[in-house]
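**Q** coordinates only, sequence not included:
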């Protein structure tokens, strides 16, 4: 992807993410509570599904960054505001592959939040989410092709981050940006980039990590599509 294409992709994903977070901020109280319950349950579910990875120090930072930050529904409103202001500066100082990685991260975040909004609307009256309740809402929503695209995006973003940390000068540049970013009001954004690159640098080869996510999430997707009530039982038992 060229520098101009990477920047255009980043700008498009910033606009998309901010439009979605605006929808979140406009939710009425019951829907906002339902979204919060769903995202809390999903983070617990992800921790249970990938506890074996989290138990290995090399994978723990990548689990926290990749699964919680981008896939599990963490609050990102202020970071997105910073990203919009910082994008022109990033275009001048960051290489195109890192701009593309940030754009892909925003895309995954937006896709995940769109799905969370749709599913949480189907769970407004469910006070205690369980795997069967979640699977029922998932089937009712039913965008199976969209979910498969989401999983492909996870894989592509992980591979791109893995390639980026193999470029020491880029990784070092992001580390050195911390002080200027704090002064300029971009601290959360710089820490997001730093934490993502640090996680993949500490992990080393990302193939097993990405293969595991693709296999388990894909298997759970097929279980739900087939009508199973406990799609995560293989890894999370009857919890979380």
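**A** Looks like it arrived, so ask away. Worth saying up front: this structure is predicted, and the values here are computed from it rather than measured.

**Q** so what pLDDT did residue 72 get?
**A** Residue-level confidence at residue 72 comes out at 56, pLDDT.

**Q** All the helices of the chain, in order from the start?
**A** Along the chain, the segments classed as helices by DSSP state H run 3-25, 29-49, 51-54, 60-62, 77-93, 96-121, 131-141, 144-164, 168-176, 178-184, 187-203, 207-225, 233-236.

**Q** quick one: buried residues of the last one?
**A** In other words, helix 233-236. By 16 or more other Cβ atoms under 10 Å, the buried positions in helix 233-236 come out as 235, 236. From N, CA and C alone the C-beta is placed, and that goes for glycine too.

**Q** Stretch 58-68 now?
**A** Quick answer for stretch 58-68 (16+ other Cβ under 10 Å): 59, 60, 61, 62, 63, 64, 65, 66, 67, 68.

**Q** and which of those residues is nearest residue 195?
**A** Nearest to residue 195, judged by Cβ to Cβ, of those is residue 65 at 5.5 Å.

**Q** any idea how far the nearest residue to that closest one once chain neighbours are set aside is from residue 57?
**A** Of all residues not flanking residue 65 in the chain, residue 199 sits nearest, at 4.4 Å (Cβ to Cβ, 6 or more residues apart in numbering). Distance, residue 199 to residue 57, by Cβ to Cβ, to the nearest Å: 12 Å.

**Q** Kindly report the same for residue 96.
**A** The value you get for residue 96 to residue 57, if Cβ to Cβ is used, is 32 Å.

**Q** These two: who's more crowded?
**A** residue 96 (17 against 9; other Cβ atoms under 10 Å).

**Q** hmm, back to that, now pLDDT too, for the buried residues of stretch 58-68, in JSON lines please.
**A** Below are the buried residues of stretch 58-68 laid out as JSON lines (pLDDT from 0 to 100):
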{"residue": "59", "pLDDT": "95"}
{"residue": "60", "pLDDT": "94"}
{"residue": "61", "pLDDT": "93"}
{"residue": "62", "pLDDT": "92"}
{"residue": "63", "pLDDT": "92"}
{"residue": "64", "pLDDT": "89"}
{"residue": "65", "pLDDT": "86"}
{"residue": "66", "pLDDT": "81"}
{"residue": "67", "pLDDT": "80"}
{"residue": "68", "pLDDT": "78"}
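
**Q** Out of those residues, flag the one nearest to residue 230.
**A** For those, the nearest to residue 230 is residue 67 (20.3 Å; Cβ to Cβ).

**Q** Quick check, central residue of the chain?
**A** Centroid-nearest residue in the chain: residue 70, 1.5 Å away (criterion: Cα atoms, centre = their mean).
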